[in-house]
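1. I need the structure of the sequence given here:
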Amino acid sequence: MEEEKYGFVHDSDVEEVILRFERMRKNKETCYFDVNEFETIIDYYLEGNNPVHAFEATSLACELHPNSVPILIRKARVLLEKGRATEALTIAKRLENIEPGNADIYLCKATALAMLGDINGARRVFDLALETDLEEQETILYSITSVLQNLNYHEEMIPYLHRLAGLEPDFVAHLYDLAYAYDKKGDLKTSIRYYISYLEEDPFSDSAWYNLGIIYNKTGDYGKAIEAYDYALALNPENTFALFNKANILSNLEKYSEAMDVYREFVEEEPDSLEGLTYLAECYDKTGDEEMARRYYSEAIDITPDFPDPWYGLGLLSLSRNRPAESIKPLRRAIELDPENPDYWFSLGKAYIMTGNVREAVRCYMETLALDGYYDEAWIETGIVIMMTGSYRGAIRLLKKAVKISGDLPGIYFLLASAYLHTGNLTEAARNLIKAVRLDNELLEEYAVLLPEEKLTNAMRRLFRKTN
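-> Residues are numbered from 1 along each chain as shown. Below is the predicted model:
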């Protein structure tokens, strides 16, 4: 929010009273301050985000002026700054009975209710504050929107922002705040519209271009996202977040050479970024440059040996080049650092199966499924491995469980058809084979090798011919 628009002006009188209070604190003297002076002191510390000194000033003010409504209002505000919403609400309710119709009291009460999770009650009291003081609508609306934004009630903030923008149509920062709020609400189309409107008035806002890039990325409009990031970078070359996000988009679009150029620029600015080094290494891996990929993975490991991603990257580097034995050590290290990552366990399982260690492969696949029951590839690979051991009935039990959890996966039905064929249950074999073909007949050729030729019925053979 644009706080400076509603900031306080500190004239010489304010400076004098603050200096006097500071001198009293430092020298532990006893001084008298009237209510107006305490209001100035407390407001000064609240505005300066110094709740400790504000609380100290409020405590002394309450000792000297225990029945002053302005002082008690400020005490409630200080308590809110310290997160003590229940105490602030108690004060606000008491003051509401003493001085009904005071908008400041309603603002304190509503803020406390919002902090305590009663957003509907807070909105009712915020509206009451607006009805009470028609002359200070802009200031009250600003207070409301600031509170709601700080508490992440972005959707509830939007109507108040619209009212504020209507009262101050020339204050373009309200368009920025609306764009941000709609983004948080999940209404990306409207968010884009307000960011564009804001940029029409202030085209040199790198933060607005950057945020617009994020929204376009969310909507899948990657070309416009990159364009927005480029504008942000042109206005602020030090915006490394824009560089990083642009590189990520290019990498996800499989434009690895372009992505590498941007990642290199990013790591030049952020040489200790583990993510930047790791993603750059991945791009080199994708383009076939194993030496450079290994170099950047190793750089990331040298900076922080306990970061698992580069270890995982080194493992995949060897695994994808058919060197599974070499991949096992870095994959196991990645798992030591992050044992809750199912991808790490799955890749280690693939390494073990490629080296012929079926027992360890099954263990890794089962760990994968324990962490993520919807890991479809793990179900399929586990079924294949179990069938490789000749335990077809065990495979059937596992695969039927997979169907209950993951739903209709053609690979699972192909495997069930194979397992049932091996056990001699031709009816179930045919039923599952038909399901698999209906879901994806193009996979039939891939899974045909698992179907024992000598056990196929004529009907199954005809099904093969229809799909070819």
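2. how would you label the most centrally placed residue in the chain: helix, strand or coil?
-> Centroid-nearest residue in the chain, with CA atoms, centre = their mean: K184, separated by 11.2 Å. Here K184 is recorded as helix under DSSP: H, G, I helix; E, B strand; the rest coil.
3. ok, it touching H154?
-> Yes - between K184 and H154 there is a contact under CB atoms under 8 Å: 3.6 Å. For every residue, glycine as well, the C-beta is placed using N, CA and C.
4. tell me the buried residues in stretch 134-149?
-> By 16 or more other CB atoms under 10 Å, the buried positions in stretch 134-149 come out as Q137, I140, L141, Y142, S143, I144, T145, S146, V147, L148, Q149.
5. where does the protein have low pLDDT?
-> Where the chain drops to pLDDT under 70, the residues are 1-12, 465-468.
6. check contacts around the residue nearest to the centre of the chain.
-> By CB atoms under 8 Å, 6 or more residues apart in numbering, the contact list for K184 reads N152, H154, E155.
7. strands of the stretch 51-200 of the chain, start to end?
-> With strands called from DSSP state E, counting those that start in this stretch, the stretch 51-200 of the chain shows none.
8. about what we covered before: by neighbours, which of the contacts of K184 wins?
-> H154 (19 neighbours; other CB atoms under 10 Å).
9. contacts only, for it.
-> By CB under 8 Å, 6+ apart, H154 lies in contact with L148, Y180, A181, K184, K185.
10. neighbours around the last one, how many?
-> Think K185. K185 has 15 neighbours, counted by other CB under 10 Å.
11. again, but for M460
-> By the measure other CB under 10 Å, the count of residues near M460 is 18.
12. so how far is L439 from the nearest residue to E155 once chain neighbours are set aside?
-> With sequence-adjacent residues excluded and distances taken as CB to CB, 6 or more residues apart in numbering, E155 is closest to K185, at 4.6 Å. Note on K185: its distance to L439, by CB to CB, to the nearest Å, is 37 Å.
13. same question, T58
-> Distance from T58 to L439, by CB to CB: 69 Å.
14. all helices of the stretch 201-350 of the chain, in order?
-> Remark: helices assigned in the stretch 201-350 of the chain by DSSP state H, counting those that start in this stretch are 206-219, 222-235, 240-252, 256-269, 274-286, 290-303, 308-319, 324-337, 342-354.
15. ok, back up a step: which one of the buried residues of stretch 134-149 is nearest to K255?
-> Taking CB to CB as the measure, K255 lies nearest Q149 of the buried residues of stretch 134-149, at 36.8 Å.
16. separation between that closest one and L95?
-> In terms of CB to CB, Q149 sits 25 Å off from L95.
17. same question for N322.
-> Computed as CB to CB, the N322 to L95 distance reads 76 Å.
18. neighbour count: those two, which is higher?
-> Set N322 next to L95 and count neighbours by other CB under 10 Å: L95 wins out with 22 against 9.
19. redo the helices of the stretch 201-350 of the chain as a markdown table? Include distance to I396 and mean neighbour count.
-> A markdown table is the format used below for the helices of the stretch 201-350 of the chain (distance: least, CB to CB, whole Å; neighbours: other CB atoms under 10 Å):
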| stretch | distance to I396 | mean neighbour count |
| --- | --- | --- |
| helix 206-219 | 43 | 20 |
| helix 222-235 | 44 | 19 |
| helix 240-252 | 38 | 21 |
| helix 256-269 | 42 | 19 |
| helix 274-286 | 38 | 23 |
| helix 290-303 | 41 | 18 |
| helix 308-319 | 30 | 24 |
| helix 324-337 | 28 | 19 |
| helix 342-354 | 20 | 23 |
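20. hmm, back to that, wait, doesn't the residue nearest to E155 sit right on M157?
-> No - assessed by CB under 8 Å, K185 is found out of contact with M157, at 9.2 Å.
21. and L314, what does it touch?
-> Counted by CB under 8 Å, 6+ apart, L314 has contacts R294, Y297, S298, I301, S327, P330.
22. which one of those residues sits closest to C364?
-> Nearest member of these to C364, counting by CB to CB, is S327, at 12.4 Å.
23. that closest one reaches Y352, doesn't it?
-> No - checked against CB under 8 Å, the pair S327 and Y352 is beyond contact range at 9.9 Å.
24. using TSV, lay out the contacts of L314 together with distance to Y229.
-> Listed next are the contacts of L314 as TSV, based on distance: CB to CB, whole Å:
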residue	distance to Y229
R294	29
Y297	26
S298	29
I301	29
S327	35
P330	33
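25. show me which of those is closest to V172.
-> V172 has its nearest neighbour among the contacts of L314 in Y297, at 46.0 Å by CB to CB.
26. and the closest residue to H162 other than its chain neighbours, how many residues sit next to it?
-> Leaving out its chain neighbours, the residue that sits closest to H162 by CB to CB, 6+ apart is L178, at 7.2 Å. Residues lying near L178 (other CB under 10 Å) number 24.
27. alright, that wraps it up for me.
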